[in-house]
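Trainee: need a 3D model of the following:
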Amino acid sequence: MTAASTHSFSLVPASYVYLRRGDEVLLQLRQNTGYMDGHWAAAAAGHVELGETGPATAQREASEELGIDLTADDLTFLTTLIRTDGSATPREQRVEFFFTASTWHGVPHVREPRKCAALEWYPITALPEAMPPHERFVLTQWAKGGMSPLTSFGF
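Mentor: All right, here's what the predicted structure looks like:
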């Protein structure tokens, strides 16, 4: 048994939603979060709460962060990403659910201005330079049409 395997860790689940408009995705510019501030990321994302499913988290986060309503039928499952940042930090072992949506109810707008400096549409083939690496990986794979239902990153 290696030293890393003798330590228990907490798995951190999260859901991401990429709103899609043609060949564009809506991204948010993160600020004041303590994680990847100044980077463009999924317009809506967050940790799965106790008793909540991945799709329910996506719906809740879209409402909280963008002021839109998504039904279960609006969500298209993209992949489950198992990732690590390569450190021995137990909290950096993650399982994340990625969804897209081409239809929603309402107009996306910044509902958490303390955490989000802006929303912008980007072509999926011309993403901004400053992005969390795992999100760039997912979007790049999706654009290529080669997304597997189970994907890993950082191992």
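Trainee: C-alpha from now on. contacts and neighbour counts both.
Mentor: OK.
Trainee: how about the nearest residue to residue 93, chain neighbours excluded?
Mentor: The shortest distance from residue 93 to any residue other than its chain neighbours is 4.8 Å, reached at residue 84 (Cα to Cα, 6 or more residues apart in numbering).
Trainee: for that neighbour, the count of nearby residues, please.
Mentor: For residue 84, the count of nearby residues is 19 (other Cα atoms under 10 Å).
Trainee: where does it sit relative to residue 151, distance-wise?
Mentor: Shown here: residue 84 relative to residue 151, a distance of 12 Å by Cα to Cα, to the nearest Å.
Trainee: residue 75 too?
Mentor: 19 Å.
Trainee: who has more neighbours, those two?
Mentor: The neighbour count for residue 75 versus residue 151, taken as other Cα under 10 Å, is higher for residue 75 (21 against 15).
Trainee: that one touches residue 98, doesn't it?
Mentor: No - using Cα atoms under 8 Å, residue 75 makes no contact with residue 98, being 9.7 Å away.
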